[in-house]
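Participant: Give me the fold of what follows.
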Amino acid sequence: MNKRTFIKLCSAFVAGRMLSPLMARQGRSELRNWAGNLEYGTRRLYVPDTVDEAKRFVKETQEFKVLGTRHCFNSIADTSTKLLSLRNLDKIVALDPAGPNVTVEAGITYGQLAPYLHSKGFALHNLASLPHISVAGACSTATHGSGQGNGNLSTAVIGLEMLTASGETLKLSAGKDGDAFLGAVVGLGALGVITKITLRLQPTFMVSQYVYEDLPFSQLKENFDKIESSGYSVSLFTDWQKQKFNEVWIKTRVDANFEPRPDFYGAKLATKNLHPIIELSAENCTEQMGVPGPWYERLPHFRMGFTPSAGKELQAEYFVPRRHAIDAIFAVERLKDLVGPQLMISEIRTIDADNLWMSPCYKEPSVAIHFTWKQNWPEVSKILVVIEKELAPYRARPHWGKLFLMRRDRLWPMYERASDFVALSNKLDPQRKFRNRFLKENIFG
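Facilitator: Below you'll find the predicted structure:
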């Protein structure tokens, strides 16, 4: 008997739709996050097939968290009570060519959505390195891709439909709801259960991807802006060890007429497909060598249907204002001896400013310094203490879905709308249904 059938039978069997029998007891492997570093605090997981079933769950449950595709490395979606997954609510609700925009259910992933949009002549402005993540989860945590002028994934959102703590449906839109909408988009799971989300679209486009090897750090001070603006999306990968970026990934629109020259600020054009972690096979990476392809097959680093990145790993990431980028990068480079033994790879990307209250890029064009670590949390946690100390002068904000150690006393001053966000949460969730230890430590106190 499959899981969905089991849940339906339980639902039909129990008079009054009591919640406890609706909880599907899952195997241990299904209640860990994608990388396996986090085991969730409960095995009670409810997977509704309809919004009405989700609404009933919200009304009857006193405390729970919504679980997405489990790509967060920290406990932002963890709880010791009950978990709600909307993975079965993964439909495309409506495509509005005039907008143009698309409305989708919360459980859909970018890997599911993007090919459909392309087939209809449309595209999203940006994608993260993994297409495996859910649209609602990514937007709720301000997950990002890269590119000058490209905001994070949340900046495509123009409408939300969510269930509040009372189980009532709340609709918010960019055009009608002003501040409340700007506060809700990067909601961190603290405001309600997103059931539908509407995204702004643009005409579809084709992308070619080129990789260069061994870009000297010495080129940063004079040419950082030129390097980062050389394509639609640019990523710099380094292990910090030899004063160089091991690889530069340039994703350029085909209609931009990018000319791949053999030398790129001292870096050399790669002659084969590469993985960001040079020792790993490029089989699971998106096509390189200038081969044109649809936006959704080039903007991510990793292909849908393959294990992304290294798999068993830890991730941390810090956003610094663009004006501090060079100083922050060299501050990390000075830690190379500390960082090296536990690091798989780092990635540097640019993200445009936005006006979403809890976005790490709120009103600041930003540079993200990402770390993929070996899965050795005792040692990695010691390193993060030092990195966070070194990046503190540059107002480094952590990625909400990755590992960090700073808490509310340091985070609060960097989010000028934090008190407004708390007030919005108190209004929409007076019973504190959606709060967990992570949110209390980092946001609510």
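Participant: Other residues contacting the helix or strand hosting Leu391?
Facilitator: Assessed by DSSP states H and E, Leu391 sits inside helix 377-391. By CB atoms under 8 Å, 6 or more residues apart in numbering, the residues outside helix 377-391 that reach it are 37, 314, 316, 318, 320, 328, 331-332, 334-335, 338-339, 341-342, 369, 371, 373-374, 396, 403-406. In short, each C-beta sits where N, CA and C put it, glycine included.
Participant: Which of the residues in it are classified as buried?
Facilitator: Using 16 or more other CB atoms under 10 Å as the test for burial, helix 377-391 gives Trp377, Val380, Ile383, Leu384, Ile387, Glu388, Glu390, Leu391.
Participant: rewinding a little: show only the entries of the contacts of helix 377-391 found in strands.
Facilitator: Using DSSP state E, the subset of those located in strands is Leu314, Ala316, Tyr318, Val320, Ile369, Phe371, Trp373.
Participant: Just send those residues back as CSV, with pLDDT and neighbour count too.
Facilitator: Listed next are those as CSV, based on pLDDT from 0 to 100; neighbours: other CB atoms under 10 Å:
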residue, pLDDT, neighbour count
Leu314, 97, 24
Ala316, 98, 24
Tyr318, 98, 26
Val320, 98, 24
Ile369, 98, 25
Phe371, 98, 25
Trp373, 98, 25
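Participant: Which pLDDT value goes with Leu411?
Facilitator: What the model reports for Leu411 is a pLDDT of 96.
Participant: Which residue comes closest to it once chain neighbours are left out?
Facilitator: Leaving aside its chain neighbours, Leu411 sits nearest to Asn442 (5.8 Å; criterion: CB to CB, 6 or more residues apart in numbering).
Participant: ditto for Ala190
Facilitator: Residue nearest to Ala190 in three dimensions, not counting chain neighbours: Ser425, with 4.9 Å by CB to CB, 6+ apart.
Participant: Model confidence score at that neighbour, please.
Facilitator: 97.
Participant: is it true that it touches Leu191?
Facilitator: Yes - Ser425 lies in contact with Leu191 (CB atoms under 8 Å); the separation is 5.7 Å.
Participant: Need the overlap of contacts for these two.
Facilitator: Phe434.
Participant: Report all helices and strands that the strand or helix carrying Ala114 contacts.
Facilitator: Here Ala114 sits within helix 110-119, counting by DSSP H and E. On a contact count with 3 or more CB pairs under 8 Å, 6 or more residues apart in numbering; DSSP states H and E, helix 110-119 meets strand 92-96, strand 101-105, helix 135-140, strand 293-294.
Participant: The helix or strand following it pairs with which strands, and in what direction?
Facilitator: Counting by DSSP H and E, the next helix or strand C-terminal to helix 110-119 is strand 122-123. Strand pairing for strand 122-123, using DSSP bridges, gives strand 202-203 (antiparallel).
Participant: Name the strands paired with the helix or strand just after the partner strand and say parallel or antiparallel.
Facilitator: Tracing the chain past strand 202-203, the next element assigned as helix or strand by DSSP H and E is strand 206-216. Using DSSP bridges, the neighbouring strands of strand 206-216 in the sheet come out as strand 244-253 (antiparallel), strand 267-269 (antiparallel), strand 293-294 (antiparallel).
Participant: quick one: contacts of the very next helix or strand once past the longest one?
Facilitator: Read that as strand 244-253. Next helix or strand after strand 244-253 toward the C-terminus (DSSP H and E): strand 263-264. Residues from elsewhere that reach strand 263-264, judged by CB under 8 Å, 6+ apart: Tyr212, Leu215, Ser230, Val248, Ile250, Leu269.
Participant: do you know which of the helices and strands packed on helix 110-119 lies nearest His71?
Facilitator: Closest of the helices and strands packed on helix 110-119 to His71 is helix 135-140, at 7.3 Å (criterion: CB to CB).
Participant: Just the CA coordinates for that closest one, please, in PDB.
Facilitator: The C-alpha coordinates for helix 135-140 follow below in PDB (Å, rounded to 0.1, in the frame of the first residue of the first chain):
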ATOM      1  CA  VAL A 135       8.800  27.300  -5.400                       C
ATOM      2  CA  ALA A 136       7.100  28.200  -2.100                       C
ATOM      3  CA  GLY A 137      10.000  27.000   0.100                       C
ATOM      4  CA  ALA A 138      12.600  28.800  -1.900                       C
ATOM      5  CA  CYS A 139      10.700  32.100  -1.900                       C
ATOM      6  CA  SER A 140      10.000  31.900   1.800                       C
END
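Participant: Going along the chain, name the helices of the stretch 51-200 of the chain.
Facilitator: Remark: helices assigned in the stretch 51-200 of the chain by DSSP state H, counting those that start in this stretch are 51-60, 110-119, 135-140, 178-184.
Participant: Would you mind giving those as CSV with mean neighbour count and mean pLDDT added?
Facilitator: Formatted as CSV, these follow (neighbours: other CB atoms under 10 Å; pLDDT from 0 to 100):
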stretch, mean neighbour count, mean pLDDT
helix 51-60, 18, 97
helix 110-119, 19, 97
helix 135-140, 27, 97
helix 178-184, 18, 96
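Participant: which stretch among the ones you listed comes nearest Ile348?
Facilitator: Nearest to Ile348, of all the helices of the stretch 51-200 of the chain, is helix 135-140, at 20.2 Å by CB to CB.
Participant: quick one: that closest one to chain centroid distance?
Facilitator: Mean-position distance between helix 135-140 and its chain equals 7 Å (CA atoms, centre = their mean, to the nearest Å).
Participant: Give me the contacts around it.
Facilitator: In contact with helix 135-140 (CB under 8 Å, 6+ apart) are residues 68-69, 71-72, 86, 104, 106-110, 113, 128, 143, 153-154, 156-157, 185-189, 194, 197, 199.
Participant: on that earlier part again, tell me what angle the helix holding Ala114 forms with strand 92-96.
Facilitator: Comparing the axes of helix 110-119 and strand 92-96 via axes from the mean of the first three to the mean of the last three CA atoms, to 10 degrees yields an angle of 30 degrees.
Participant: Compute the inter-axis angle for helix 110-119 and strand 101-105.
Facilitator: Relative orientation of helix 110-119 versus strand 101-105 (the same axes, to 10 degrees): 150 degrees.
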